[in-house]
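Engineer: give me coordinates for this.
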Amino acid sequence: MREWDQPHWSGRPQPKPDGRRRLKPNVFARVARLCAQNSNVVFIALLFFTALAVSVAALTLRFDPETPPRIVLDARTRVAQEALERNFPGIETSFVAQIELADMDAARAKAVATAATLSGRTDLFANAFVPGTGAFYTKYAILFRDAAGVEDTVALALGMQPLYQALGSAPDLSGLATLVSEIGRAVSQGRSPPGLSGLLLAASAVVEGEIEGQSRPIDWPGLAGLSATVESKRWFVIATPLPEMEREAAAFAAATATPDQGLEWYFPPDAQAGDTDTLRDLIIPAGLALLVLLAILGLGLGAMKFAIPVVLTAFATLCLTAGVACLIAPELDAVIWSFAPACLAPALLFSIVLVLAHIQSRLRGAKPLTAIMLAAHRSGLLLVTLAVISEVFWFTWFFRQLPSLAETAAIGAIAIAVAFALSLTLLPAALGALDRGGEVGRHWLDRGVAQPSGPNFRNGRQIVVLLVVAASVFCGVFVPGLRFGDAPRRAVQTAPLDTPVAQDAVHFLVESGDPARRAVEELAKLPQTGAIRWIEQFLPTDAERKLHHLRQLEGFLTDLPASYESSAETLPGATFTALEAGLRQISDDPATAPDLREASHRLRRAFSLYANPELPAPGRVKALEAALFSDLGNLSSTAGQLAGLGAPTLADLDQALRQRFVSANGLWRIEVLPKPGVRRLAFAGAMRKFSAQAAGAPVVALARSEIMHHETAIALAFAFAAAAAAILLYLRDVWDWITSLVPLLFGISLSAAVAAATAQIVLPSAFAAAITAMPLCLSMSILLILWGRQRRESATTTDTSFRAAVLPPLTFLGVAAPLMLSENSPVAAFGQASVLFLAATMAVNFIVVPQASAWADALRR
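Structural biologist: Okay, the predicted model is just below:
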């Protein structure tokens, strides 16, 4: 044996043979080496494809996060909605304007003018009308008074019949002077004719108008209360836009109103044009997210030369995924847009794991290229497992009743593949270009976690773990109670129940007549019902009783002339003197009622101004008499029309109003609104329980919520099962496998408790946030378990496994948090859901996984 110990023949010392087995690079290491050695080629190729993808995305993608995601409704709801739209097209897209002014005539005129303006735009509106106007209300307006009011009107008209006859016998100023003298004597005797003050006030307005050069003829049927019109300070305009023109029509309608006109519009959510402030809702949160990302990566990785490759990988993944999204879903609705932040999660996960594996090799003395190869070689299978876990959470949404989420899932699945490919190509190229050697310092976090924990810490951790387990199990009861729904497009004004606004109405289509009346009667008994509208509501109530009173007007003033023509050429001053004397007698008499005294004073002052300083010319007198008496003959004809009125029917209603409640084939639509304080979905549930044919926006919202709830449970169950299988294949240890799954389940229950406590509705964009965050949670659990295994073998300050577990979810949390600043509901909901879920799962992982691993070790022994 001694001959083998002899020096080499050359006399030089020879290297001792390496007893370690040489690693054979796997495919991941070979790809990483190739890209690191040809970084310029990789950069040029990716720059070309990234620029192409960004250009196509900028020209193709349309961002509208207020558009609700597409959902395939159940057959019952779909049939009911189709029947409603087929029989009453545009009923749910109608606009309502409220005009409220102190002057009733001005309010009515403004409403009519607004309706005429909208009707003139036949390219935007199917129709526009003002309820309460039209031939029906002109003819039957008096029947909309209460029965006692109609009775009093008829009695007053009959009581004033002698006065009207006296005026009709001498319809001029001389006759009026004679009548005023007779009235003065009657008042002095304690007899005051009814309605006299109204007559004198009307005459005063006429005389004052003549003084001002304006003609204000007396409406004698209106003065007698027989010419009724709908009088209100508040009027409404109902306009129906053409299909697919809702936003344009709403913009035109809104332009007709100014705040000082007393006009207020109520638009349905779908008609309100999106006013997305891109700077506020997207650019500012994205800028903050980039700053937070750089800060976390810089602190977590220890050097910007390691942070920049991660940022480049994430940015390239986003750009290339946006190009893919153009082919799958160019219209980005309330959920599809979330592919943008969602695609960053796998890119950050894969790249951070690889970079930290690279740093670990560098800390142990490897050169940059060798460290890149070792990182890819040792982490390749882990990355495949993490990619599979991420993919299954998206794949399970492909065949659900949520087309928007299915398209988002397709984009997300491709994004994971892109992120995986870039982590093995772009990331090694960037590391090869930036890491030129030199010493890599040990990170403070690696040194901290390498220290052994004391007994007090371990005992305290066990107590905390038991508390977390108890709290998580208790909070599990909140998971089934999660409320799913869509984000409101904007803050919708709540209209009072006495307006025709029906944005939250449920509709029932029933047979006409008794079936509809029975349905209305039953609906009125429901505690959730706040108001009911149906066609017979627009007919006057107690019509027969009112018509009975009006028939007493038959033969009223039949001897009055049909028209009046003034023949006076001159008028002596004595006539005005007699008028003033008679009016003074009425006003000065102590027995005169206060209202009559004031009316006579006003008329006397008016005649005094009219006849002084000189008598009016014959032409002016003729005009005054015409204004006073020309319409007197209409009293008889109006009374005759009222006496001959028949009971109004549905066929008499204005067509525009009738078409809103009666279909072409005779179906009646019953419109039900919720009582204030009743939740929308609770109201819809009660209405659908009453009848399966219930339709309307609340019913659709309820159906969408139920579908989201059902589909989410199925999709997540399949995803969880598939991810669990992949984890078991990788870890190959039952106890570690159970440990890796527990934090996700506990995180879900804790997040559900917070959502329930704050009464939050889980929006579709929050689904995407959960699908994105769940693989990060499972990845953190796996990496913490691997860190525990490594620590049990040898705890060194060069082990970066703990940072690999912590940084990916922490980095994505930092990226998602600024999204909460957005005023756009879906964008903010994504950020809130991500922060809530990741914060809960990270806390559970930190607490539970190390202790569960310790317990598992004890069981193994």
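
Engineer: drop to CA atoms for contacts and neighbour counts, all remaining ones
Structural biologist: Noted.

Engineer: what residues of stretch 122-130 count as buried?
Structural biologist: Within stretch 122-130, the residues that count as buried by 16 or more other C-alpha atoms under 10 Å are 124-130.

Engineer: of the residues you listed, closest to residue 729?
Structural biologist: residue 124 (61.6 Å; C-alpha to C-alpha).

Engineer: after the helix or strand of the chain with the lowest mean pLDDT, which helix or strand is next? Please name it.
Structural biologist: Sorted by mean pLDDT, DSSP states H and E, the helices and strands of the chain end with helix 278, the least confident at a mean of 64. Counting by DSSP states H and E, the next helix or strand C-terminal to helix 278 is helix 284-301.

Engineer: beyond that following helix, next helix or strand please.
Structural biologist: Counting by DSSP H and E, what follows helix 284-301 is helix 304-328.

Engineer: elements contacting that following helix?
Structural biologist: Applying 3 or more C-alpha pairs under 8 Å, 6 or more residues apart in numbering; DSSP states H and E, we find helix 304-328 packed against helix 39-60, helix 284-301, helix 339-342, helix 344-363, helix 403-434.

Engineer: immediately after the longest one, which helix or strand?
Structural biologist: Yep, that's helix 403-434 we're talking about. By DSSP H and E, the next helix or strand past helix 403-434 is helix 444-450.

Engineer: go ahead and confirm residue 70 touches residue 400.
Structural biologist: No: at 11.5 Å, residue 70 and residue 400 do not qualify as touching, with contact defined as C-alpha atoms under 8 Å.

Engineer: more neighbours, these two?
Structural biologist: The neighbour comparison of residue 70 against residue 400 (other C-alpha atoms under 10 Å) goes to residue 400, with 19 against 16.

Engineer: regarding the more buried one, what is its secondary structure?
Structural biologist: coil (DSSP: H, G, I helix; E, B strand; the rest coil).

Engineer: poorly predicted segments of the stretch 651-800 of the chain, please.
Structural biologist: 795, 797 (pLDDT under 70).

Engineer: coming back round to it: need the helices and strands packed on helix 304-328 in JSON lines with mean neighbour count and mean pLDDT, can you?
Structural biologist: Putting the helices and strands packed on helix 304-328 into JSON lines (neighbours: other C-alpha atoms under 10 Å; pLDDT from 0 to 100) gives the following:
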{"stretch": "helix 39-60", "mean neighbour count": "16", "mean pLDDT": "93"}
{"stretch": "helix 284-301", "mean neighbour count": "18", "mean pLDDT": "90"}
{"stretch": "helix 339-342", "mean neighbour count": "23", "mean pLDDT": "90"}
{"stretch": "helix 344-363", "mean neighbour count": "26", "mean pLDDT": "94"}
{"stretch": "helix 403-434", "mean neighbour count": "24", "mean pLDDT": "94"}
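
Engineer: looking at those helices, which is closest to residue 164?
Structural biologist: Using C-alpha to C-alpha, the nearest of the helices and strands packed on helix 304-328 to residue 164 is helix 403-434, at 74.7 Å.

Engineer: which helices and strands does the closest one pack with?
Structural biologist: Using 3+ C-alpha pairs under 8 Å, 6+ apart: helix 403-434 touches helix 27-37, helix 39-60, helix 304-328, helix 339-342, helix 344-363, helix 368-395.

Engineer: other SSEs contacting the last one?
Structural biologist: In terms of contacts (3+ C-alpha pairs under 8 Å, 6+ apart), helix 368-395 is packed against helix 27-37, helix 344-363, helix 403-434, helix 697-731, helix 764-793.

Engineer: indicate which one of the helices and strands packed on helix 403-434 is closest to residue 201.
Structural biologist: Between these, helix 39-60 lies closest to residue 201; by C-alpha to C-alpha that is 70.9 Å.

Engineer: please identify which of the helices and strands packed on helix 403-434 is closest to residue 769.
Structural biologist: With C-alpha to C-alpha as the measure, helix 339-342 is the member of those nearest residue 769 (7.0 Å).

Engineer: need the contact list for residue 581.
Structural biologist: By C-alpha atoms under 8 Å, 6 or more residues apart in numbering, the contact set of residue 581 is residue 181.

Engineer: ok, it to residue 192 distance?
Structural biologist: Distance, residue 581 to residue 192, using C-alpha to C-alpha, to the nearest Å: 18 Å.

Engineer: also residue 829?
Structural biologist: On the measure of C-alpha to C-alpha, residue 829 and residue 192 end up 74 Å apart.

Engineer: in CSV, list the helices and strands packed on helix 304-328 along with distance to residue 681.
Structural biologist: Formatted as CSV, those follow (distance: least, C-alpha to C-alpha, whole Å):
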stretch, distance to residue 681
helix 39-60, 37
helix 284-301, 33
helix 339-342, 29
helix 344-363, 34
helix 403-434, 22
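
Engineer: so which of the buried residues of stretch 122-130 are in strands?
Structural biologist: 125-129 (DSSP state E).

Engineer: out of these, which comes closest to residue 78?
Structural biologist: Set against residue 78, the nearest of these by C-alpha to C-alpha is residue 126 (24.6 Å).

Engineer: surely the closest one is in contact with residue 241?
Structural biologist: Yes: at 5.6 Å, residue 126 counts as touching residue 241 under the criterion of C-alpha under 8 Å.

Engineer: coming back round to it: can you redo the helices and strands packed on helix 403-434 as TSV with distance to residue 539?
Structural biologist: Formatted as TSV, the helices and strands packed on helix 403-434 follow (distance: least, C-alpha to C-alpha, whole Å):
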stretch	distance to residue 539
helix 27-37	81
helix 39-60	54
helix 304-328	54
helix 339-342	55
helix 344-363	62
helix 368-395	57
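
Engineer: nearest to residue 627, of the ones you listed?
Structural biologist: Across the helices and strands packed on helix 403-434, closest to residue 627 is helix 39-60 (C-alpha to C-alpha), at 69.8 Å.

Engineer: could I get the closest one in CSV with only the CA atoms?
Structural biologist: What follows is helix 39-60, C-alpha atoms only, in CSV (Å, rounded to 0.1, in the frame of the first residue of the first chain):
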residue,chain,number,x,y,z
SER,A,39,-29.8,36.9,-21.7
ASN,A,40,-29.7,39.4,-24.5
VAL,A,41,-31.6,37.1,-26.8
VAL,A,42,-34.2,36.4,-24.1
PHE,A,43,-34.6,40.2,-23.4
ILE,A,44,-35.0,41.0,-27.1
ALA,A,45,-37.5,38.3,-27.7
LEU,A,46,-39.6,39.1,-24.7
LEU,A,47,-39.4,42.8,-25.4
PHE,A,48,-40.9,42.1,-28.9
PHE,A,49,-43.7,39.9,-27.6
THR,A,50,-44.5,42.1,-24.7
ALA,A,51,-44.7,45.3,-26.8
LEU,A,52,-46.9,43.4,-29.3
ALA,A,53,-49.2,42.2,-26.5
VAL,A,54,-49.4,45.6,-24.9
SER,A,55,-50.3,47.3,-28.2
VAL,A,56,-53.0,44.8,-29.0
ALA,A,57,-54.4,45.1,-25.5
ALA,A,58,-54.5,48.9,-25.6
LEU,A,59,-56.4,48.8,-28.9
THR,A,60,-58.8,45.9,-28.0
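
Engineer: now do that helix: which elements does it pack against?
Structural biologist: By 3+ C-alpha pairs under 8 Å, 6+ apart, helix 39-60 packs against helix 304-328, helix 403-434.

Engineer: and those: which comes nearest residue 38?
Structural biologist: The nearest among the helices and strands packed on helix 39-60, by C-alpha to C-alpha, is helix 403-434 at 7.0 Å.

Engineer: now that closest one against helix 304-328, angle please.
Structural biologist: 150 degrees (axes from the mean of the first three to the mean of the last three C-alpha atoms, to 10 degrees).

Engineer: separation between residue 538 and residue 652?
Structural biologist: For residue 538, the distance to residue 652 - C-alpha to C-alpha - is 11 Å.

Engineer: so residue 235 lies in a strand, does it not?
Structural biologist: Yes: counting by three-state DSSP, residue 235 is part of a strand.

Engineer: now do the SS call for the closest residue to it other than its chain neighbours.
Structural biologist: What sits nearest to residue 235 in space, not counting adjacent residues and going by C-alpha to C-alpha, 6 or more residues apart in numbering, is residue 99, at 5.2 Å. Per three-state DSSP, the secondary structure class of residue 99 is strand.
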